[in-house]
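Trainee: show me how the following folds:
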Amino acid sequence: MSTILPIPIYTRLSSCYISKLPSSITQIDDRLVGCFCWNCCPRLYESLANHPLMPTTRHEFDHIAGRPMKSRPKYTIVQIVDWLNDRLSAQRHAGLTDRERKCQREAQSLLNRFRSSRRSMPDLDVLAEPLNQMFFAGLLTGYKYKWKELEPDRKVYGYTTEHKHEIVLNYELQEQDGGSFGGTRRWRGEEIFATMLHEMIHAFIGIYLCQGSCGHGSDRAQRKLCFVVTERMYRMYRHVYYNGHKVKAKLYDGHGPAFQNIARHIQMASNMFFELDAPMNMTFVRCRCGGSSCLSHCFDKAEKAELERIGRECYRKGL
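Mentor: Numbering: from 1, shown residues only. Below you'll find the predicted structure:
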């Protein structure tokens, strides 16, 4: 088995922002190595262009959700993570609103149907709506949800296609015997539930994250900076170098520290509000230390493990 560790490919940071980096970020060859989160690099994020404020009222939620996809406002990765986490934290500590409680009951009923071997699977879009209202304030609109037969040897649970605005789940998960997944129908029902939430996070970020398209008042360097921090904190492994080859690793795209942080908060809320047989786990990184302000505090070892997975995939393809 190859021991080559892929090297992530990131967009270069403009020279005018190098002085904004902390001493914890070091340069190895032509690569900058270290945590790029906003707690570790506050001066870098202070240089971002101004973006619209995140919505806070029901009227604002409904107004934005009703707009065409291309005309919706774009926010920084900091705004999205903080907004979602503040919302989820308020739910856990102050409780659900009447609207959210109604959605929680509806989602629990659908989860029970997914887990029952005696009942047919409901449509995915029926499950998506209460989860959208409960966790994303109803802002996740315009997406289609469908089942599809995926490669049986990969055990891919699902994926999100941002340009098609689709969330796809593996058809085998709903089959009576579970296909290559195996397990009980009850276990697979909870996996469907967790996979939907996992992919909905990707979809939400895909709709609202500014990836270098900053509007009025931004210059070219600021737009590039927005793209750079998105790569470092969310995209991460879209492309890597492996054994002299540039490889597109789209299966691993979008699971950076920002995603892991959001998913961890949604897991905590789901474990609190839903009757589950086992604690939900839809991240690749298990946070063990907690309490740290650094968004990547549990990501160092996980990053190596993730790159090793990509390396094995490249090796399997004969690269």
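Trainee: just confirm residue 247 is within a strand.
Mentor: Yes: judged by DSSP: H, G, I helix; E, B strand; the rest coil, residue 247 forms part of a strand.
Trainee: what are the buried residues along the longest helix seen in the chain?
Mentor: Criterion DSSP state H: the longest helix present in the chain is helix 185-208. Neighbour-count burial for helix 185-208 flags 185, 188-208 (criterion: 16 or more other CB atoms under 10 Å). In this view, the C-beta of every residue, glycine as well, is placed from N, C-alpha and C.
Trainee: could you give me the buried positions within whichever helix or strand comes after it?
Mentor: Proceeding N to C from helix 185-208, the next assigned helix or strand is helix 220-230, under DSSP states H and E. By 16+ other CB under 10 Å, the buried positions in helix 220-230 come out as 222-230.
Trainee: what's the answer for stretch 260-278, then?
Mentor: 260-270, 273, 276.
Trainee: any stretches of the stretch 151-300 of the chain with poor pLDDT?
Mentor: Where the stretch 151-300 of the chain drops to pLDDT under 70, the residues are 152-154, 176-180, 215-218, 250-251, 283-300.
Trainee: export the buried residues of helix 220-230 as a markdown table, with columns for distance to residue 121.
Mentor: A markdown table is the format used below for the buried residues of helix 220-230 (distance: CB to CB, whole Å):
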| residue | distance to residue 121 |
| --- | --- |
| 222 | 46 |
| 223 | 44 |
| 224 | 45 |
| 225 | 44 |
| 226 | 40 |
| 227 | 39 |
| 228 | 42 |
| 229 | 39 |
| 230 | 35 |
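Trainee: out of those, flag the one nearest to residue 17.
Mentor: Nearest to residue 17 among the buried residues of helix 220-230: residue 225, at 6.0 Å, using CB to CB.
Trainee: that closest one and residue 219, how far apart?
Mentor: 10 Å (CB to CB, to the nearest Å).
Trainee: just to be sure, residue 113 is in a helix?
Mentor: Yes: under three-state DSSP, residue 113 sits within a helix.
Trainee: please renumber the chain so that the first residue is 624 from this point on.
Mentor: Sure, I'll start numbering at 624, so the last one becomes residue 736.
Trainee: for it, give me the pLDDT.
Mentor: We note a pLDDT of 87 for residue 736 in this prediction.
Trainee: isn't it up against residue 746?
Mentor: No: Residue 736 is beyond contact range of residue 746, at 10.8 Å (criterion: CB atoms under 8 Å).
Trainee: neighbour count winner among these two?
Mentor: Counted by other CB atoms under 10 Å, residue 736 and residue 746 do not tie: residue 736 has more neighbours, with 16 against 12.
Trainee: could you check how far residue 825 is from residue 648?
Mentor: For residue 825 relative to residue 648 (CB to CB), the value is 27 Å.
Trainee: sorry, that was for residue 678
Mentor: According to CB to CB, residue 678 and residue 648 sit 33 Å apart.
Trainee: picking up where we left off before, switch the buried residues of stretch 883-901 over to TSV; also include distance to residue 666.
Mentor: As requested, the buried residues of stretch 883-901 are arranged in TSV below (distance: CB to CB, whole Å):
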residue	distance to residue 666
883	24
884	21
885	24
886	28
887	26
888	26
889	30
890	32
891	31
892	32
893	36
896	38
899	42
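Trainee: in helices only, show me these.
Mentor: Reading helices off the buried residues of stretch 883-901 with DSSP H, I get 883-893, 896.
Trainee: for those residues, which one is nearest residue 631?
Mentor: residue 883 (15.7 Å).
Trainee: mind listing the strands for the chain?
Mentor: Assignment of strands within the chain using DSSP state E yields the ranges 630-631, 649-651, 654-656, 767-771, 781-784, 789-793, 862-865, 868-871.
Trainee: deepest-packed of those strands, please.
Mentor: Neighbour counts (mean count of other CB atoms under 10 Å) averaged over each of the strands of the chain peak at strand 789-793, with a mean of 21.
Trainee: distance between it and the chain's centre?
Mentor: Relative to its parent chain, strand 789-793 has a centroid offset of 15 Å by CA atoms, centre = their mean, to the nearest Å.
Trainee: sheet-wise, list the partners of it with their directions.
Mentor: strand 767-771 (parallel), strand 781-784 (antiparallel) (DSSP bridges).
Trainee: contacts made by the first one with the rest, please.
Mentor: Put plainly, it is strand 767-771. 746-748, 750-751, 787-794, 797, 819 (CB atoms under 8 Å, 6 or more residues apart in numbering).
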